[in-house]
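>>> Here's a sequence, model it:
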Amino acid sequence: MHAKIPRDPENDYTHEAAQRRRQFIEERTGVRFQHVNRYSFDPSVLPGNIENFTGVAQVPIGFAGPLLVNGEYAQGEFYVPLATTEGTLVASYNRGMKCLRESGGVLTTICSDAMQRAPVFIFDNARDAREFGNWVKRPEVFAEIKRVAESTTSVGKLKSIEHYISNKFLYLRFNFYTGDAAGQNMVGKATFYACEWMKQEYPKIRRYYLESNFATDKKSSQINVIRTRGKRVTAEATIKREILEDLMRTSTEPLVYHHHIANVGGFMSHVNNNGCHSANAITALFIATGQDVANVAESSAGILYAEPTEEGDLYISLTIPSLIVATYGGGTGLPTQRECLEVLGCYGAGKVCKFAEIVAATALAGEVSLASAISSLDWVASHDKYGRNRPKG
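Numbering: from 1, shown residues only. As a prediction, this is how the structure comes out:
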């Protein structure tokens, strides 16, 4: 019989319970914990964040900056925490931030904001599915759906419902505003209550599933690139030719030319991002600040654009169409994650848009830095200098 990892329903989030689990793992694997067991917070803060708490994974954090942001919510200079084990990453973002800062900073704009749950309703035939969709569109019906959904949350607001019919199925994409939380669980509960109400009110519904895979939770998708999931945010800057030449050892024309060629490669490989590596910034910031790291799957989508200006400078712009971030709830309140958010002035209520702008500006800094390294053929040399952590012994 397999031994179960020990749990204590009454006092599971204590140092003693964690120690019992460590001993259990040590006895069965022969590995003695010397680092997993070292942490600075009380386990009592962890309910709702993890089960079977045993220890911590310590990821190094480096700061890059200052990053100059000219946003609607983020304004001024920020030192950005990046949690990573990839050599050259912090140095690369630091270089990109310097280039952007000396060019006047990054203009950031949030264009839309929505979190989805997408139930599917099953009918006897397509005509019944169509008629149900027409019923849902009635103003008085939508008003009642909205009332029921919003009764489950003090923050979430139902903005709209999109309709997609295929075969005898109607897919409804519920769009919510979720405040400073990422909101997947919030909108799941709200949509469930709305679906139960619709099932009671509309007898031709044969069955429904709360999620149809049309919200594409934790997966990149074209629907979210087009329609937005989380925040749709753009970061843009104009970089002087002389700054590119002095700091980045490249210039406007080779950067734009490489961008065109990379677009062809991206088209051929069907990527979700035609830039270099915005997922690096997003992942490192997510780990440092307690975001749900699996949301990188959606947040990694990016649309990069570059062109020369009439003066020969470089205009560069990055749109992240489905950036899912939070400054309240989830892992954001854990001790080290909260500290990193506080460094950015982004912890708590009313800060999520500011944080989204900083994330996008950081990602743009990485695009400038890596694109320049590729253009100037410095990429391999930089990794050889900073990124080669060879095993010792």
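>>> where exactly do the helices run in this protein?
15-29, 89-102, 126-137, 139-150, 184-201, 222-227, 241-243, 252-269, 278-289, 296-299, 335-343, 352-375, 379-386 (DSSP state H).
>>> For this structure, give me the ranges with low pLDDT.
Flagging of the chain using pLDDT under 70 yields the residue ranges 1, 377-393.
>>> one more time with 90
1-4, 8-11, 375-393 (pLDDT under 90).
>>> domains of it?
11-58, 62-112+230-386, 119-209 (automatic domain parsing).
>>> quick revisit: closest one to A114 among the helices of the chain?
Closest to A114 of the helices of the chain is helix 222-227 (CB to CB; 7.8 Å). Bear in mind the C-beta positions are built from the backbone N, C-alpha and C, glycine included.
>>> For that closest one, list every residue counted as buried.
223-225, 227 (16 or more other CB atoms under 10 Å).
>>> Just name the closest of these to D292, please.
N224 (15.4 Å).
>>> Neighbours of K218, how many?
If you count neighbours by other CB atoms under 10 Å, K218 ends up with 13.
>>> That one reaches S299, doesn't it?
No. K218 lies out of contact with S299 (CB atoms under 8 Å); the separation is 10.4 Å.
>>> Report the distance from stretch 193-209 to the chain centre.
Stretch 193-209 has its C-alpha centroid displaced from the chain centroid by 32 Å (CA atoms, centre = their mean, to the nearest Å).
>>> now the end-to-end length of that stretch.
Stretch 193-209 has an end-to-end distance of 12 Å (CA to CA, to the nearest Å).
>>> Could I get the buried residue list for it?
Result for stretch 193-209 [16+ other CB under 10 Å]: buried residues 193-195, 197-198, 202, 205, 208.
>>> Among the domains of the chain, show me which one is buried the most.
Counting by mean count of other CB atoms under 10 Å, domain 62-112+230-386 has the highest mean neighbour count of the domains of the chain, with a mean of 20.
>>> got a markdown table for the domains of the chain, with distance to H2 too?
Compiled in a markdown table, the domains of the chain are given as follows (distance: least, CB to CB, whole Å):
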| stretch | distance to H2 |
| --- | --- |
| domain 11-58 | 10 |
| domain 62-112+230-386 | 28 |
| domain 119-209 | 31 |
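>>> Just send the buried residues of helix 222-227 back as a markdown table, with distance to N49 too.
Shown next, in a markdown table, are the buried residues of helix 222-227 (distance: CB to CB, whole Å):
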| residue | distance to N49 |
| --- | --- |
| I223 | 30 |
| N224 | 26 |
| V225 | 30 |
| R227 | 30 |
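>>> which one of those residues sits closest to A361?
Once CB to CB is applied, the member of the buried residues of helix 222-227 that ends up nearest A361 is V225, at 20.2 Å.
>>> Relative to F53, how far out is the closest one?
Distance from V225 to F53, counting by CB to CB, to the nearest Å: 37 Å.
>>> Kindly report the same for V106.
Distance from V106 to F53, by CB to CB: 39 Å.
>>> Over to T191?
Relative to F53, T191 is positioned 30 Å away (CB to CB).
>>> Next: V69.
36 Å.
>>> who are the neighbours in contact with A74?
108, 354-355, 357-358, 361 (CB atoms under 8 Å, 6 or more residues apart in numbering).
>>> Would you mind giving both backbone torsions of it?
Torsion angles at A74 (phi, psi; degrees, to the nearest 10) stand at phi -100, psi 120.
>>> For the buried residues of stretch 193-209, could you give me TSV that also reports distance to G87?
Shown next, in TSV, are the buried residues of stretch 193-209 (distance: CB to CB, whole Å):
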residue	distance to G87
Y193	49
A194	49
C195	48
W197	54
M198	53
Y202	58
I205	55
Y208	49
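>>> Closest to Q337 out of those residues?
After measuring the buried residues of stretch 193-209 against Q337 - CB to CB - the closest member comes out as Y193, at 30.6 Å.
>>> Quick check: the closest one touching G156?
No. Counting by CB under 8 Å, Y193 does not reach G156; the two are 11.1 Å apart.
>>> tell me, what's touching the two both at once?
Here Y193 and G156 have A149 as joint contacts, going by CB under 8 Å, 6+ apart.
>>> Could you measure from the residue nearest to K218 when sequence neighbours are not counted over to G55?
Of all residues not flanking K218 in the chain, A294 sits nearest, at 4.7 Å (CB to CB, 6 or more residues apart in numbering). Computed as CB to CB, the A294 to G55 distance reads 21 Å.
>>> List the contacts of the nearest residue to E311 once chain neighbours are set aside.
Nearest residue to E311 in three dimensions, chain neighbours excluded: R241, at 7.7 Å (CB to CB, 6+ apart). By CB under 8 Å, 6+ apart, the contact set of R241 is 251-252, 311-314.
>>> if you set the cut-off to 7 Å instead, what comes out?
Taking CB atoms under 7 Å, 6 or more residues apart in numbering as the criterion, R241 is in contact with 251-252, 312-313.
>>> And P321, by the same measure?
With CB under 7 Å, 6+ apart, P321 has these contacts: 224-225, 228, 232, 301, 303.
>>> repeat for L341
Per CB under 7 Å, 6+ apart, neighbours of L341: 289, 327, 332, 347.
>>> A143: which of these is nearest?
Nearest to A143 among those, with distances taken as CB to CB, is T327, at 30.8 Å.
>>> gap between that closest one and G156?
Taken as CB to CB, the span from T327 to G156 is 16 Å.
>>> Can you give me the neighbour number for M115?
Neighbour number of M115 under other CB under 10 Å is 27.
>>> beta partners for it?
Taking DSSP bridges as the rule, M115 bridges to F176.
>>> Hmm, it is touching A190, no?
No. Judged on CB atoms under 7 Å, M115 makes no contact with A190 at a distance of 10.1 Å.
>>> Which neighbours do these two have in common?
With CB under 7 Å, 6+ apart as the test, M115 and A190 both reach F176.
>>> Many thanks, I have nothing further to ask.
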